[in-house]
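# what's the 3D shape of this:
(chains A and B)
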2 protein chains.
Amino acid sequence: MAMPELNEYPVPEGKPAFGPDGRKIIYDEDGKPCRTCNSLLNFRMATAKEIPKGSKSASSSVGTIAATSMAALASKPVAKDCPPDVEELGRSTWTFLHSVAAMYPEHPTDDQQQELKTFMVIFSKIYPCWFCAKGFQKFMKKNEPKVTNQEEFGRWLCDAHNAVNEKLGKPKFDCNLWKKRWKDGWDDGRCD
Amino acid sequence: MAMPELNEYPVPEGKPAFGPDGRKIIYDEDGKPCRTCNSLLNFRMATAKEIPKGSKSASSSVGTIAATSMAALASKPVAKDCPPDVEELGRSTWTFLHSVAAMYPEHPTDDQQQELKTFMVIFSKIYPCWFCAKGFQKFMKKNEPKVTNQEEFGRWLCDAHNAVNEKLGKPKFDCNLWKKRWKDGWDDGRCD
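Model (predicted):
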């Protein structure tokens, strides 16, 4: 069992701590793997019912799943009309948030600034991956949302996205370019 | 020029009123086509710079765009790192919102209920397609968000989504099934 960290429930007895992609599997309070907190593959592995007895496990970290079963899980087609996994949810939500930044006024009123701040605070509480939400709340405690104008907010959000990218081992984005990525498109015309 | 409707700015002189998909093209206050309010194809058509003179127009509604140019616009590859069009923004945002519903508590506190209501009100103001946002505000005036519990909110949101689907001529979703689509997955196991 993995050492429980802050914001994590312990790994239930007999359940895998890590998924095939090397990431921790996040379990809910009731011991069930959290669909919106895990990748589809990790979720599938943690919820797999049939585990052939006596078969060799694919790796020590995944414990009781046989290599053949895991290959089957990994190659299982993904239906389009299923609840999103943590990656689809993340992509979708960043698309929404960066677009909010792109359309935020260059000279917002005091009311608009207050509303955006309130929106982000509530967002950090209700984001459907509770595990990610806790991380975002932590980020926001140290980095209050900058809502004075479009450019400030766009950069703040880009920094927030990069903080998550860093945690996940993903490349960082050059925040000088946030407006080309999310508002105006690139100079080479590929978005026109 | 199309008759300007409530919530729409007039179509600028010499610019198309409708796109190749038959939908109205939405222009911003400054007369530029709104990227997040239009499909990529319609946006491309409304922003197309080179219009061959004397060439036959593809249809009367698209005015000055030649059929050959339009085919070129339609077949132009879409780069992945571009600002979303109205469809990608819509898909992403519904994914986020339905997931919020899926993770909303079955027995929320008064504070949680108030926060979700506030969140939805601000959401309806800052949604990055201003044209869609106005429509959503109108829907919310007639249909106040139901936030008493997960089931109520999930159904309210599903109804809101269907109201948009209806406007766009898309099929309606059976809201009795919202939880399978957005929370638990389907009984046939295709989401497991």
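
# How is chain A divided into domains?
Domain assignment for chain A, taken from the TED database, gives A:1-48, A:85-183.

# and of those domains, who's closest to chain B?
Among the domains of chain A, the nearest to chain B by Cβ to the nearest Cβ is domain A:85-183 (3.9 Å). Bear in mind the C-beta positions are built from the backbone N, C-alpha and C, glycine included.

# where in chain A is pLDDT low?
A:1-7, A:49-67 (pLDDT under 70).

# for residue A:119, helix, strand, or coil?
The assignment at residue A:119 comes out as helix when based on DSSP: H, G, I helix; E, B strand; the rest coil.

# Hmm, residue B:121 and it touching each other?
No: counting by Cβ atoms under 8 Å, residue A:119 stays clear of residue B:121, with 9.6 Å between them.

# which of those two has more neighbours?
Higher neighbour count among residue A:119 and residue B:121: residue A:119, with 21 against 16, using other Cβ atoms under 10 Å in any protein chain shown.

# so who does the more buried one touch?
Shown in contact with residue A:119 (Cβ atoms under 8 Å, 6 or more residues apart in numbering or on different chains): B:119, B:122-123, B:126.

# Give the burial count for residue A:28, as a bare number.
13.

# now do residue A:37
24.

# Please apply the same query to residue A:12.
For residue A:12, the neighbour count with other Cβ under 10 Å is 15.

# Might one say that it is in contact with residue A:28?
No: proximity of residue A:12 to residue A:28 does not meet the contact threshold set by Cβ under 8 Å, at 10.1 Å.

# ends of stretch A:13-30, how far apart?
13 Å (Cα to Cα, to the nearest Å).

# which ones are touching the closest residue to residue A:185 other than its chain neighbours?
Using Cβ to Cβ, 6 or more residues apart in numbering or on different chains and skipping the chain neighbours, the partner closest in space to residue A:185 is residue A:191 (2.9 Å). Contact analysis of residue A:191 by Cβ under 8 Å, 6+ apart lists A:185, B:79, B:82-83.

# buried subset of these?
A:185, B:82-83 (16 or more other Cβ atoms under 10 Å in any protein chain shown).

# With secondary structure and distance to residue B:40 added, can I get the contacts of residue A:119 in a markdown table?
A markdown table is the format used below for the contacts of residue A:119 (DSSP: H, G, I helix; E, B strand; the rest coil; distance: Cβ to Cβ, whole Å):
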| residue | secondary structure | distance to residue B:40 |
| --- | --- | --- |
| B:119 | helix | 29 |
| B:122 | helix | 28 |
| B:123 | helix | 24 |
| B:126 | helix | 22 |
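
# Format the residues you listed as a markdown table; extra columns: distance to residue B:134.
Supplementary listing: the contacts of residue A:119 in a markdown table, determined by distance: Cβ to Cβ, whole Å:
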| residue | distance to residue B:134 |
| --- | --- |
| B:119 | 19 |
| B:122 | 15 |
| B:123 | 13 |
| B:126 | 12 |
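
# So which of the residues you listed wins on neighbours?
Among the contacts of residue A:119, the one with the most neighbours (other Cβ under 10 Å) is residue B:123, at 23 neighbours.

# how close does that one sit to chain A?
According to Cβ to the nearest Cβ, to the nearest Å, residue B:123 and chain A sit 7 Å apart.

# Now that residue: closest residue in space that isn't a chain neighbour?
Distances taken as Cβ to Cβ, 6+ apart put residue A:119 closest to residue B:123, at 7.2 Å, once the chain neighbours are dropped.

# Ramachandran coordinates for the residue most central in space within chain A?
Geometric centre of chain A, nearest residue: residue A:90, 4.3 Å, by Cα atoms, centre = their mean. Per-residue torsions, residue A:90: phi -60, psi -50 (degrees, to the nearest 10).
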